[in-house]
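Peer 1: For reference, the sequence and a predicted model appear below.
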Amino acid sequence: MLFTDASRFWLEPADGRIRVWRRRGARFREGAVLERQRFGGGSVMVWGGISPRLRTPLYHVVGNLTGVRYQNEILQPLVVPALQAIGPRAILQDDNAPSHRSAAVNTFIQQARVNGMLWPANSPDLNPIEHMWDERCRRVQQHHPPPANLGQLLQWRQQEWSGVPRAFICNLIHSMRQRCVECLAHYGGHTRY
């Protein structure tokens, strides 16, 4: 199974709170205050895939991801080789984003003989990669000072992606059975995952 997803990360938190980065004991002196951009400062969108045996390179999605772009920039160069490396019974899990379900993508998936997993439209998000995004986000937020620009944010995202221990990925994926059991027990409602 290859679990895939795209996620957007903001340079600045968009919660309206003001954050000041300073050393312990430092007051609000001119040299201790770091000015930040207003209105979020922009974002980067990245796509990635994980399995117990491998992870895809982290792909930086620039602009809108159409079905044709998804096919040409992600499926062909990243997903198909990853599935081939996993083995002949490999299954692709992606969500129901419009770019993933376009006619061009469906045709490509059939021609490339990609085994896809059906993903219900209104299902709880059980994809283990979501937890990896969250954990990696916390790691990037530990950088002091925070990223100064989008290039640095993307660079830190790529470093964090490369540094994810394989054991962490395996634990996330191996938790899928229990995730599904709890989801069913809670009738699709909130679980501890």
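Peer 2: The structure has been received and is ready for your questions.

Peer 1: quick one: contacts for the closest residue to residue 150 other than its chain neighbours?
Peer 2: Leaving out its chain neighbours, the residue that sits closest to residue 150 by CB to CB, 6 or more residues apart in numbering is residue 42, at 5.1 Å. Just so you know, the C-beta spots here come from the backbone N, C-alpha and C atoms, and that holds for glycine as well. By CB atoms under 8 Å, 6 or more residues apart in numbering, the contact set of residue 42 is 10-11, 150.

Peer 1: Also residue 117?
Peer 2: 1, 91-93.

Peer 1: of these, closest to residue 67?
Peer 2: Using CB to CB, residue 92 comes nearest to residue 67 of the contacts of residue 117, at 15.1 Å.

Peer 1: Direction included, what does the helix or strand harbouring that closest one pair against?
Peer 2: Assigned by DSSP states H and E, residue 92 belongs to strand 91-93. Partners of strand 91-93 in the sheet, by DSSP bridges, are strand 2-10 (parallel), strand 115-116 (parallel).

Peer 1: Could you list every helix and strand in contact with the least confident helix or strand in the chain by mean pLDDT?
Peer 2: Ranked by mean pLDDT, DSSP states H and E, the weakest helix or strand in the chain is helix 128-141, scoring a mean of 82. When contacts are defined as 3 or more CB pairs under 8 Å, 6 or more residues apart in numbering; DSSP states H and E, helix 128-141 packs onto strand 2-10, strand 43-50, helix 150-162, helix 166-174.

Peer 1: Nearest to residue 129 among the ones you listed would be which one?
Peer 2: Closest among the helices and strands packed on helix 128-141, once you apply CB to CB, is strand 2-10, at 4.6 Å.

Peer 1: List of residues touching stretch 164-178?
Peer 2: 1, 3, 50-52, 55, 126, 128-129, 131-132, 135-136, 193.

Peer 1: Give me the buried subset of the residues you listed.
Peer 2: 1, 3, 50-51, 55, 126, 128-129, 131-132, 136, 193 (16 or more other CB atoms under 10 Å).

Peer 1: where does residue 60 land in three-state SS?
Peer 2: State at residue 60, reduced to three classes by DSSP: H, G, I helix; E, B strand; the rest coil: strand.

Peer 1: Just confirm it contacts residue 154, I think it does.
Peer 2: Yes. With contact defined as CB atoms under 8 Å, residue 60 counts as touching residue 154 (5.9 Å).

Peer 1: list the contacts for residue 57?
Peer 2: 48, 78.

Peer 1: hang on, the earlier thing: could the contacts of residue 117 go into TSV alongside pLDDT and distance to residue 84?
Peer 2: Formatted as TSV, the contacts of residue 117 follow (pLDDT from 0 to 100; distance: CB to CB, whole Å):
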residue	pLDDT	distance to residue 84
1	91	14
91	94	13
92	95	12
93	91	16
